[in-house]
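Colleague: sequence first, then the predicted structure, then my questions.
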Amino acid sequence: MGSDYLELGLRLAMATEELVHPSADVGLRNRTGGAFRISVLAIMAIKRMMGERSSLASQLCLATEEDEWTVRAEVRAEARREEWRAAFLSHRQCCILQLRLKTSADRLKRSDALVHLSPTAPIRKEYYRVVLNASSLLSSCRQQASSNSAIMLLDTHEAFKEALSDLEHCLLVLLPRNDLGAANRVQNSVEIAESEWKRELEVASYLDQDTLRLKLIQDEARFCRLQYYVLTALKTLLHAPYQDGRLPWFAVADDPGAKVGKYLGQGSYGSVYKFTWFGLECAKKSFICTTEEHKREFQKEAGVMANLNHPHVVKFICCQRHEDSKEWAIVMEYMPMNLQEFIKKHVDSSHARKFPFTPMAALHIISQIASGMDYLHRQDVVHRDLKPNNILVSPIDDTDLAADGYGDVKLCDFGLAKLKLTAQTEEQSRVCGARYWRAPEAYPKEEGVLPSYRAKEADAYSFAIVCSQILSGASCPFPDPCYKLTERISAPKNERPHLPSDTYPPKLLDLIKRCWDPHPKRRPSFSNICKTLQDIKLVLLGLY
C-alpha cells in the first residue's frame with residue numbers, strides 16, 4: 001500500500017480543480033498563467049475595508065494598473081463567476097490553495113526524483129495526508145454559503161495558511177535539490193515559496209469575508225436571527241475585536257429550538273453537554289452564576305474564546321444566559337473525544353505496535369498542540385490547565401491514516417485561561433492546573449502562601465508532560481502519582497515521566513526534556529518549539 005500513497009495524493013491534488021473552478025473559468029486561468037489576480041471589484045472591497053490610504057490597497061491598485069488586460073478579463077468574468085462563488089465559502093482562498101495543489105502536482109509528475117523514491121518512504125504517506133487535508137478543507141467550503149455553514153468558516157485564514165505551509169514542506173523533500181536549493185538553505189527555500197502566496201492569502205481572506213457579508217445582506221428576503229448573528233460576528237471580526245474584558249455583544253444568541261443532548265463530561269467550572277443550535281451540532285458548557293464574581297469569570301472566559309480563531313483551538317460559537325435560572329452557557333464546536341480517550345483507544349487497538357502511535361502520527365499530534373499553544377501565547381493568552389482531557393481530537397477520515405493514529409486536534413477548556421497577559425501580570429500568583437501536569441514552580445512553597453511563577457513557561461512544562469503520554473500511551477504520566485508528587489518533581493529530585501528512547505527521534509525526546517527543564521527560563525517558547533518540531537519532521541521525512 002505504501003507505494004500507492006504518492007499516486008493517490010497526486011490524483012487527489014489534480015481532482016481538486018473541478019471541485020473549485022467552474023469549467024467556463026479554465027480558459028481565463030490558462031491565459032493568465034494560472035496566477036491569482038485581484039479584480040477591480042476586489043480592489044473596491046479592499047478600499048472599503050482598509051481605507052483609501054492603505055499602503056496595501058495602493059500597492060494592489062498599482063499592480064492592477066500594470067496588468068490592464070487581466071483587469072478587463074477579470075471584470076468580464078466576474079458576473080460569470082459570481083454565481084459559482086455563491087456556492088462557496090472562502091472561494092478566493094480555495095482558488096489559491098487549489099492552484100498550488102495543481103501546480104505542485106504537475107511539477108512532481110515531471111520530476112525524475114520520484115522514480116528513485118523508495119516505495120516505503122514516509123514522505124509518500126505524508127504528502128497524501130497533506131493533500132487529503134487540503135481537499136477536505138476545500139470540500140468544507142463547497143457548500144451553499146448559508147448562515148449555518150458560515151458559523152464554522154467565518155475566518156479560515158489560519159487553516160488555509162497551515163495547509164499551504166504543509167504542502168511547501170512536502171515539496172522540499174519530494175522535489176530535486178537543484179530545484180529547491182541546497183540543504184543548508186532549506187529555511188530560505190520555505191520562506192521564498194511561502195512569500196508567493198502569503199500576501200495573496202491575506203487579501204483573499206478579507207475579500208472572502210466581505211463577499212459573505214454582502215451575500216447575507218442581499219438575501220434580505222430570507223433574513224433571520226441566524227443571519228443577523230453571522231453578520232454581526234463578521235463585523236466584529238473585521239472592525240471591533242474583543243477588548244478590555246468586555247464580551248462581544250454579538251456573542252449572546254438564543255435559539256428557541258435549541259436542544260440539549262447527552263452529558264459529555266465536566267469542565268473546569270461547568271458541565272458539558274451535546275447541543276443542537278440552529279441545526280448545528282455543538283457542545284454546550286453550562287455555568288451556574290450566583291454572584292457577580294461568577295458572572296465576571298464567565299465573561300472573561302467567553303470573551304477570550306470569542307476572539308480566538310485557529311485550526312487547533314476549539315471554535316467558539318456563541319454564549320447564552322438565562323437570568324431566571326442563573327444558568328449561563330458557552331456554546332462551542334463539538335469534537336467526538338478528548339486526547340485521553342484517543343490514547344486509550346489506540347493503546348487497546350495497536351497490538352502490532354509497541355506504542356499507540358507511529359512516530360509520524362505522534363509528531364503530527366504533538367505539532368498541532370504546539371501550534372495551538374503558540375497561537376494562544378501570540379494572543380497573550382495562557383492556558384494554565386493543559387492536559388489530555390482539555391485537548392479534543394477528531395480521528396482523521398481515512399482508514400489507514402486513522403490506524404496509524406492521525407487525528408485533528410484542538411485545544412479547549414479555557415476555564416483557567418482567563419488572563420490576557422500584560423507586562424504587569426505575566427507573573428502569576430495562583431495555584432493553577434491539574435496536579436500531574438502542573439509545573440513545580442506552580443505549587444505553593446509553603447502552606448497558605450500562593451506561588452509566583454511565569455505562566456507561559458508553566459504551559460511549556462504541561463505540554464512536555466502531555467507529550468510523554470502521547471509517546472508512551474500512559475494513562476497517568478507518573479508511577480505512584482499519589483506519593484509525595486510535589487517533592488519528587490521539584491529540586492533536587494526533579495523526577496520526570498519515562499520517555500521511550502527506542503522508537504522516537506532523539507531530537508524529539510531532547511525537545512521534551514528542555515520543555516520540562518527544572519529552570520523555567522531555560523524552557524523554549526512555543527514559537528521555537530514549533531520550529532524545532534518542523535525540523536524533526538523534515539528529518540523523519542528524509543530531507544537531511
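Modeller: Noted; the coordinates are in hand. Numbers count the residues shown, from 1 in each chain.
Colleague: mind listing what's buried in stretch 484-500?
Modeller: Neighbour-count burial for stretch 484-500 flags Leu485, Arg488, Ile489, Ser490, Arg496, Pro497, Leu499 (criterion: 16 or more other CB atoms under 10 Å). Where you see a C-beta, it was placed from the backbone N, CA and C, and this is true even at glycine.
Colleague: report the two of these separated the most.
Modeller: Pairwise distances among these were taken by CB to CB; the largest, 19.5 Å, belongs to Ser490 and Leu499.
Colleague: lowest-confidence helix or strand of this protein?
Modeller: Here the helix or strand of the chain ranked lowest by mean pLDDT, DSSP states H and E is helix 26-31, holding a mean of 40.
Colleague: in the stretch 201-350 of the chain, which spans are strands?
Modeller: For the stretch 201-350 of the chain, the strands defined by DSSP state E, counting those that start in this stretch occupy 259-266, 271-277, 280-288, 316-322, 327-333, 337-338.
Colleague: can you put the ones you listed in CSV and add mean neighbour count, mean pLDDT and distance to Ala442?
Modeller: Putting the strands of the stretch 201-350 of the chain into CSV (neighbours: other CB atoms under 10 Å; pLDDT from 0 to 100; distance: least, CB to CB, whole Å) gives the following:
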stretch, mean neighbour count, mean pLDDT, distance to Ala442
strand 259-266, 12, 78, 22
strand 271-277, 18, 84, 25
strand 280-288, 20, 84, 24
strand 316-322, 21, 79, 26
strand 327-333, 22, 84, 25
strand 337-338, 18, 94, 22
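Colleague: Arg100: which of the ones you listed is closest?
Modeller: Shortest distance between Arg100 and the strands of the stretch 201-350 of the chain, using CB to CB, is found for strand 327-333: 26.8 Å.
Colleague: give me the residues contacting the closest one.
Modeller: 152, 270, 275, 277, 282-289, 295, 298, 301-302, 305, 314-322, 410, 412 (CB atoms under 8 Å, 6 or more residues apart in numbering).
Colleague: cool, and stretch 345-352?
Modeller: By CB under 8 Å, 6+ apart, stretch 345-352 touches Met337, Pro356, Phe357, Ala403, Gly405, Gly473.
Colleague: these two touch, right, the fifth one and Pro359?
Modeller: No: here Gly405 does not reach Pro359: they are 9.9 Å apart, not a contact under CB atoms under 8 Å.
Colleague: picking up where we left off before, just the buried members of the contacts of stretch 345-352?
Modeller: Taking 16+ other CB under 10 Å as the criterion, what is buried in these is Met337, Pro356, Phe357, Ala403, Gly405, Gly473.
Colleague: where does the stretch 401-544 of the chain dip in pLDDT?
Modeller: 414-433, 445-453, 481-482, 544 (pLDDT under 70).
Colleague: residue ranges for the strands of it, please.
Modeller: 407-411, 427-428, 453-454.
Colleague: would JSON lines of the strands of the stretch 201-350 of the chain with distance to Leu132 be doable?
Modeller: Shown next, in JSON lines, are the strands of the stretch 201-350 of the chain (distance: least, CB to CB, whole Å):
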{"stretch": "strand 259-266", "distance to Leu132": "28"}
{"stretch": "strand 271-277", "distance to Leu132": "27"}
{"stretch": "strand 280-288", "distance to Leu132": "22"}
{"stretch": "strand 316-322", "distance to Leu132": "26"}
{"stretch": "strand 327-333", "distance to Leu132": "21"}
{"stretch": "strand 337-338", "distance to Leu132": "20"}
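Colleague: okay, domains of this structure per the record?
Modeller: Domain assignment for the chain by automatic domain parsing gives 2-237, 243-333, 337-541.
Colleague: show me the contacts for the nearest residue to Asp517 once chain neighbours are set aside.
Modeller: Nearest residue to Asp517, sequence neighbours excluded (CB to CB, 6 or more residues apart in numbering): Arg523, at 5.3 Å. For Arg523, the contact set (CB under 8 Å, 6+ apart) comprises Glu457, Ala460, Tyr461, Arg514, Cys515, Trp516, Asp517.
Colleague: same thing but 7 Å
Modeller: Going by CB atoms under 7 Å, 6 or more residues apart in numbering, Arg523 touches Glu457, Ala460, Tyr461, Arg514, Cys515, Asp517.
Colleague: ok so, going back, which one of the strands of the stretch 201-350 of the chain lies closest to Ala13?
Modeller: For those, the distance to Ala13 is smallest for strand 327-333, at 27.7 Å, taking CB to CB.
Colleague: just checking: what are the partner strands of the closest one?
Modeller: Strand 327-333 has its sheet partners listed here by DSSP bridges as strand 280-288 (antiparallel), strand 316-322 (antiparallel).
Colleague: tabulate those in a markdown table, adding columns for distance to Phe160.
Modeller: Below are the strands paired with strand 327-333 laid out as a markdown table (distance: least, CB to CB, whole Å):
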| stretch | distance to Phe160 |
| --- | --- |
| strand 280-288 | 22 |
| strand 316-322 | 20 |
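Colleague: count of residues packed around Thr103?
Modeller: Neighbour count for Thr103, taken as other CB atoms under 10 Å: 12.
Colleague: for Leu167, see how far away it is.
Modeller: 10 Å (CB to CB, to the nearest Å).
Colleague: what's the answer for Gln320, then?
Modeller: For Gln320, the distance to Leu167 equals 39 Å [CB to CB].
Colleague: and the strands paired with strand 327-333: which comes nearest Pro444?
Modeller: Nearest to Pro444 among the strands paired with strand 327-333 is strand 280-288 (26.7 Å), distances taken as CB to CB.
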